[in-house]
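Visitor: coordinates only, no sequence provided:
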């Protein structure tokens, strides 16, 4: 039985692999449609975007299957080195990176551009999993929370320096694996509260928000007037919340780029700019809406065919799916993602090692953030922050990094009867 357990690809979850292949196939078909040229319609022009995407898909499959050949224990052992290497690349890109769309996020390597922020996600997931599995923190003390926070914040802050706000926000997904491992639910409430206050700060005058926060804090203190610790905590939380309102204003004016501010204002309905910052989303919504139930048909989308939607093969690839395949096609793609995410959570829960479980939850949460934000921005419910749709958007860095992220977990899962 031991020899059987060491056999090539033994115990791999092939259902997840099939979902991965299906999503890659959907990606290639829609990348092909998004930049379709009737004069070069073979699909095998390797100099075109769809030709390169085909290469990326093939190399990703080879990369994923190669990962399954490794001893799963190596990912635990080399986690600090992989994390360190991704941090090094994030520093290097600040000096030698190529600026594209206002973000210095790519390292040019010949005709290829490497995006270190994509690879930093699985590097961070590995080190976080190693820390939790090695020291078994309960996240009830400041020290363990600070260490886990620093592991996540280091790449996040380096990515913010590029500045690539969209990729940086994805690192907030690591809060949920930590919650699974014992992090207090109060941190999730604080996170939710920060989002609510952020939005409210644009829609409601600051002095009214301060009055509301002070009133709520006062009522809470009155109801707990005999509990000194609760009173002190309430006062501190109220002061921090009021200070946060001013920090949001400062960050909005000093940190965010003009185009990022415009996107937030458009999403909140503070302004309309159909020919400027809002053009991408409006054209994307038109494309998705025109697909109706069954879509216009493969290569028949007018918004897609005539290039009305910018970045349609990358950040706005979902609009191609919506226009050419309609509500049915969108439902199938979203269904595949839901099936994949539920499958990953199920696999994570059955792990016998903490390292594999934490890493599995990290994979699921990173993919969820990407899918939710990308689809949300194409339909206009989330600001456009420029992150790819996993396994579908055009790009080598994103497809390779997502492949590595997923297949490392599949390898860990195949060894779950052992101890990692």
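Guide: Structure received. Computed from a predicted structure; not experimentally measured.
Visitor: give me the sheet partners of whichever strand in the chain runs longest and which way each runs.
Guide: In terms of residue count, the longest strand belonging to the chain (DSSP state E) is strand 103-109. Sheet partners assigned to strand 103-109 using DSSP bridges are listed as strand 98-100 (antiparallel), strand 112-114 (antiparallel).
Visitor: okay if I get these as JSON lines plus distance to residue 282 and mean pLDDT?
Guide: All C-beta atoms are positioned from the backbone trio N, CA, C, and that covers glycine. Output for the strands paired with strand 103-109, formatted as JSON lines (distance: least, C-beta to C-beta, whole Å; pLDDT from 0 to 100):
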{"stretch": "strand 98-100", "distance to residue 282": "23", "mean pLDDT": "76"}
{"stretch": "strand 112-114", "distance to residue 282": "29", "mean pLDDT": "82"}
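Visitor: of those, flag the one that's most buried.
Guide: With neighbours defined as mean count of other C-beta atoms under 10 Å, the strands paired with strand 103-109 peak in mean count at strand 112-114, which reaches a mean of 16.
Visitor: hmm, who's touching that strand?
Guide: 89, 98, 100, 106, 107, 396, 397 (C-beta atoms under 8 Å, 6 or more residues apart in numbering).
Visitor: what is the burial count for the first one?
Guide: To tie it back to what came earlier, the one meant is residue 89. Using other C-beta atoms under 10 Å, the number of residues around residue 89 comes to 20.
Visitor: could you do the fourth one as well?
Guide: Neighbourhood size, residue 106 [other C-beta under 10 Å]: 21.
Visitor: who touches it in this structure?
Guide: By C-beta under 8 Å, 6+ apart, the residues touching residue 106 are 93, 97, 98, 100, 113, 114, 115, 397.
Visitor: isn't the first one right up against residue 116?
Guide: Yes: applying C-beta atoms under 8 Å, one finds residue 93 in contact with residue 116, separated by 5.3 Å.
Visitor: any common contacting residues for these two?
Guide: By the contact definition C-beta under 8 Å, 6+ apart, residue 93 and residue 116 are jointly contacted by 105, 107.
Visitor: so the two - more neighbours on which side?
Guide: Ranked by neighbour count (other C-beta under 10 Å), residue 93 and residue 116 place residue 116 first, with 28 against 24.
Visitor: so the more buried one versus residue 169, what's the distance?
Guide: Residue 116 sits 17 Å away from residue 169, going by C-beta to C-beta, to the nearest Å.
Visitor: then residue 130?
Guide: In this view, residue 130 and residue 169 are 24 Å apart by C-beta to C-beta.
Visitor: when the two are compared, which one has more neighbours?
Guide: Between residue 130 and residue 169, residue 130 has the larger neighbour count (other C-beta under 10 Å), namely 23 against 16.
Visitor: next up, the contacts around that one.
Guide: Counting by C-beta under 8 Å, 6+ apart, residue 130 makes contact with 76, 79, 80, 355.
Visitor: can you list the weak-confidence ranges in this protein?
Guide: The chain contains residues with pLDDT under 70 at 1-10, 37-46, 101-102, 259, 263, 266-277, 417-420.
Visitor: can you check which helix is longest in it?
Guide: Looking across the chain with DSSP state H, the single longest helix is helix 317-349.
Visitor: for it, packing partners?
Guide: Secondary-structure packing of helix 317-349 (3 or more C-beta pairs under 8 Å, 6 or more residues apart in numbering; DSSP states H and E): helix 14-34, helix 279-290, helix 302-305, helix 354-378, helix 396-414.
Visitor: quick one: which helix or strand includes the nearest residue to residue 191 once chain neighbours are set aside?
Guide: For residue 191, ignoring the flanking residues on the chain, the nearest one in space by C-beta to C-beta, 6 or more residues apart in numbering is residue 175 at 6.4 Å. Per DSSP states H and E, residue 175 falls inside helix 175-180.
Visitor: so which bits of the helix or strand following that helix are buried?
Guide: Using DSSP H and E, the helix or strand that directly follows helix 175-180 along the chain is helix 185-203. For helix 185-203, burial by neighbour count (16 or more other C-beta atoms under 10 Å) applies to 197, 198, 201.
Visitor: what distance do you get for the residue nearest the centre of the chain to residue 415?
Guide: With distances taken as C-alpha atoms, centre = their mean, the residue of the chain nearest its centroid is residue 370 (3.4 Å). Distance, residue 370 to residue 415, using C-beta to C-beta: 26 Å.
Visitor: what's the answer for residue 49, then?
Guide: From residue 49 across to residue 415, the span is 37 Å (C-beta to C-beta).
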